[in-house]
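Peer 1: I would like the atomic coordinates for the input below:
(one chain, ligands or ions: 3)
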Amino acid sequence: MNTDEVLGVFREAGAILEGHFILTSGLRSPVFLQKARVFMHADKTERLCKALAEKIRAAVSGGIDYVVGPAIGGLIPAYETSRHLGAPAIWVEREGGEFRLRRFEIARGSRVVIVEDIVTTGLSIRETIDCLRALGAEVVAAACIIDRSAGKTDVGVPLIALAEYEVPAYPADRLPPELAAIPPVKPGSRNI
Ligand SMILES: O=P(O)(O)OC[C@H]1O[C@H](OP(=O)(O)OP(=O)(O)O)[C@H](O)[C@@H]1O
Ligand SMILES: O=C(O)c1cc(=O)[nH]c(=O)[nH]1
Ligand SMILES: [Mg+2]
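Peer 2: Ligands and ions are numbered 1, 2, ... in the order given. The predicted model follows:
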C-alpha cells in the first residue's frame with residue numbers, strides 16, 4: 001500500500017480530525033489521526049496490517065518471537081499484524097505512568113518487533129524499547145501504520161512505516177495564533 005492508499009483508508013473512516021490537539025509528547029497540532037475510527041473496522045485494519053506485516057517481513061531477517069503493542073493505540077494493530085507474521089502478540093501498558101509488560105513473561109534474548117499505530121516524536125516507542133530491553137529482549141525493529149515525522153524520528157532501531165505523513169506540531173509556547181484561538185483537547189490515554 002502506498003501513502004495515498006493508507007491516508008484514503010483513514011479519510012474514509014473519518015479518522016483525520018482537525019482542531020487543536022494536545023499530543024502525547026505535549027506538542028500541539030491542528031491535525032489528529034484518530035486511529036480508533038479505523039481500527040473499529042476489521043476489514044480496514046486487516047488491509048493495513050497485512051501490508052505492514054509484508055514490509056516487516058521484507059525488512060527483518062531472522063525469526064520474530066513476539067510482536068509487542070504499546071497500549072492503547074498499539075493493541076489492535078500489533079494483534080492484527082502478528083496474525084500475518086505468525087508470531088504471538090503481547091503488549092506493554094502503563095503502570096504508574098511507565099510502560100510495563102504486566103501480563104506476560106518473555107525469555108531473555110527474545111526477538112521482538114514493536115508495532116505502533118502512529119509515530120510523532122518516537123517517545124512512546126523509545127519508552128517501549130526501554131521496558132523490553134530491561135527484560136533482556138532484543139528489539140529487532142519497530143513499525144507503525146503512519147509516521148507523522150516522515151522519517152525524521154530516530155528510535156534507535158529500524159523504524160518501518162507503512163506510510164509517512166508529515167503533519168505540523170508545535171511546542172505549547174509557540175502556537176500559531178489560529179491554533180491558539182481553539183480550545184485544546186487531548187485524545188490519547190497518557191496521564192489518564
Ligand atoms: O511518537 P509519540 O510522540 O510518542 O506519539 C505517538 C503515540 O501517541 C499515541 O499514544 P497516546 O499516548 O496518545 O495514547 P493511546 O495509545 O491511548 O492513543 C499513539 O498511540 C502513539 O503511541
Ligand atoms: O502524537 C500523538 O500523540 C498522536 C498523534 C496522532 O495523530 N494520533 C495519535 O493517536 N497520537
Ligand atoms: Mg499510543
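Peer 1: just the helices in this protein please.
Peer 2: Taking DSSP state H, the helices of the chain run over residues 3-12, 36-39, 42-59, 75-85, 123-134, 177-180.
Peer 1: Would you format the ones you listed as a markdown table with mean neighbour count, mean pLDDT and distance to residue 101 included?
Peer 2: C-beta coordinates here come from the backbone N, C-alpha and C atoms, glycine included. Shown next, in a markdown table, are the helices of the chain (neighbours: other Cβ atoms under 10 Å; pLDDT from 0 to 100; distance: least, Cβ to Cβ, whole Å):
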| stretch | mean neighbour count | mean pLDDT | distance to residue 101 |
| --- | --- | --- | --- |
| helix 3-12 | 16 | 98 | 29 |
| helix 36-39 | 20 | 98 | 22 |
| helix 42-59 | 17 | 98 | 20 |
| helix 75-85 | 22 | 98 | 13 |
| helix 123-134 | 19 | 98 | 6 |
| helix 177-180 | 12 | 97 | 37 |
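Peer 1: right, and the ones you listed - which one's nearest ligand 1?
Peer 2: Closest to ligand 1 of the helices of the chain is helix 123-134 (Cβ to the nearest ligand atom; 3.3 Å).
Peer 1: Tell me the residues of the chain that contact ligand 2?
Peer 2: The chain comes close to ligand 2 at residues 23, 24, 25, 32, 33, 35, 73, 118, 120, 148, 188, as judged by Cβ under 6 Å from any ligand atom.
Peer 1: Number of residues surrounding the fourth one?
Peer 2: Pointing back at residue 32 there. Residues near residue 32, counting by other Cβ atoms under 10 Å, number 22.
Peer 1: hmm, back to that, redo the helices of the chain as TSV? Include distance to residue 94.
Peer 2: Shown next, in TSV, are these (distance: least, Cβ to Cβ, whole Å):
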stretch	distance to residue 94
helix 3-12	25
helix 36-39	17
helix 42-59	23
helix 75-85	12
helix 123-134	9
helix 177-180	28
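Peer 1: Could you export those helices to JSON lines, including columns for distance to ligand 1?
Peer 2: As requested, those are exported to JSON lines (distance: least, Cβ to the nearest ligand atom, whole Å):
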{"stretch": "helix 3-12", "distance to ligand 1": "14"}
{"stretch": "helix 36-39", "distance to ligand 1": "8"}
{"stretch": "helix 42-59", "distance to ligand 1": "14"}
{"stretch": "helix 75-85", "distance to ligand 1": "8"}
{"stretch": "helix 123-134", "distance to ligand 1": "3"}
{"stretch": "helix 177-180", "distance to ligand 1": "18"}
